[in-house]
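**Q** Provided below are the primary sequence and the corresponding predicted coordinates.
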Amino acid sequence: GENVEQHPSTLSVQEGDSAVIKCTYSDSASNYFPWYKQELGKRPQLIIDIRSNVGEKKDQRIAVTLNKTAKHFSLHITETQPEDSAVYFCAAHEGSNSGYALNFGKGTSLLVTP
Amino acid sequence: DSGVTQTPKHLITATGQRVTLRCSPRSGDLSVYWYQQSLDQGLQFLIQYYNGEERAKGNILERFSAQQFPDLHSELNLSSLELGDSALYFCASSPSSPGTRGNEQFFGPGTRLTVL
């Protein structure tokens, strides 16, 4: 099955700096890569996603890039703010035809200090 | 608010017991997914239902089972509970249908299960 690795596990940046989180996946048939933000005790919230026919997608301060050849994708947050502090999860859509489950990375705990 | 609801919010029970977690998907969504989130294992996919039928199985234990009803709500049944089953259980829904891949999944608020 799909295996998603995520790095780093923790990331501390100063307010205004950029943050980058990287993920790799194993199943070359995976075609959908969402990113979720989870605040303490809350639900994972979809913040951005990218499909395999696109190399980059941007939404205000958040961008995601995908390199299908290398099987890795990254989340970029610019001009970080304290409210960006949370755990971020990458995921890859299972490439088989048996269903549409998401395989998640282990998460990155991002701390933005004022 | 994602539109996905889950009850109860918290559940405290003893080892060996059986519990039922309930999920109502967003209006119009036909697929329901169950995920388990524990500190050491992260978010793990358990099972998916689409329009009442099981579509995919992940790391779901034999002691666990689920179903989706005609009104599309879903229940996750956990039996013979062990201490290690303590976790947050999320359901997510999406409009995905056979042949449509890569649809967004929206998560409910979760049920925190504590097994003592």
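**A** Nice, I can see it.

**Q** leaving out chain neighbours, which residue sits closest to residue B:113?
**A** residue B:11 (4.9 Å; CB to CB, 6 or more residues apart in numbering or on different chains). Every C-beta, even on glycine, is put in place using the N, C-alpha and C of the backbone.

**Q** adjacent strands (with direction) for the helix or strand containing the one you found?
**A** Element membership for residue B:11 (DSSP states H and E) is strand B:10-13. Here strand B:10-13 has these sheet partners by DSSP bridges: strand B:111-115 (parallel).

**Q** strands along chain A, start to end?
**A** Assigned by DSSP state E, chain A shows strands spanning A:4-7, A:10-14, A:19-25, A:32-38, A:45-51, A:56-59, A:62-67, A:72-77, A:86-93, A:102-104, A:108-113.

**Q** between the ones you listed, which one is nearest to residue B:104?
**A** Across those, residue B:104 has its closest neighbour in strand A:45-51 (5.7 Å, CB to CB).

**Q** and the angle from the closest one to strand A:86-93?
**A** 40 degrees (axes from the mean of the first three to the mean of the last three CA atoms, to 10 degrees).

**Q** next, the buried residues of strand A:45-51.
**A** A:46-50 (16 or more other CB atoms under 10 Å in any protein chain shown).

**Q** next: stretch B:56-73.
**A** For stretch B:56-73, using 16+ other CB under 10 Å, the buried residues are B:56, B:58, B:60, B:64, B:66, B:68, B:72.

**Q** what's opposite the closest residue to residue A:72 other than its chain neighbours in the beta bridge?
**A** In space, and not counting its chain neighbours, residue A:72 is closest to residue A:24: 4.4 Å by CB to CB, 6+ apart. Here residue A:24 sits in beta bridges with residue A:5, residue A:72, going by DSSP bridges.

**Q** which non-adjacent residue is nearest residue 18?
**A** Using chain A here. residue A:78 (5.0 Å).

**Q** could you do chain B instead?
**A** Spatial nearest neighbour of residue B:18, chain neighbours left out: residue B:79 (4.2 Å); criterion: CB to CB, 6+ apart.

**Q** what do you get for residue A:55?
**A** Nearest residue to residue A:55, sequence neighbours excluded (CB to CB, 6+ apart): residue A:66, at 5.8 Å.

**Q** how about that neighbour, what does it touch?
**A** Neighbouring residues of residue A:66 by CB atoms under 8 Å, 6 or more residues apart in numbering or on different chains: A:33, A:50, A:52, A:54-56, A:72-73.

**Q** got it, and residue A:93?
**A** By CB under 8 Å, 6+ apart, the contact set of residue A:93 is A:30-34, A:100-103, B:101-102.

**Q** give me the distance between the residue nearest to residue A:55 and residue A:12.
**A** 26 Å (CB to CB, to the nearest Å).

**Q** near chain A, anything from stretch B:38-58?
**A** Yes. Counting by CB under 8 Å from any CB of the partner chain, chain A has neighbours in stretch B:38-58: B:42-45, B:48, B:50, B:55-58.

**Q** what residues of that stretch count as buried?
**A** Of the residues in stretch B:38-58, those buried (16+ other CB under 10 Å) are B:42-50, B:55-56, B:58.
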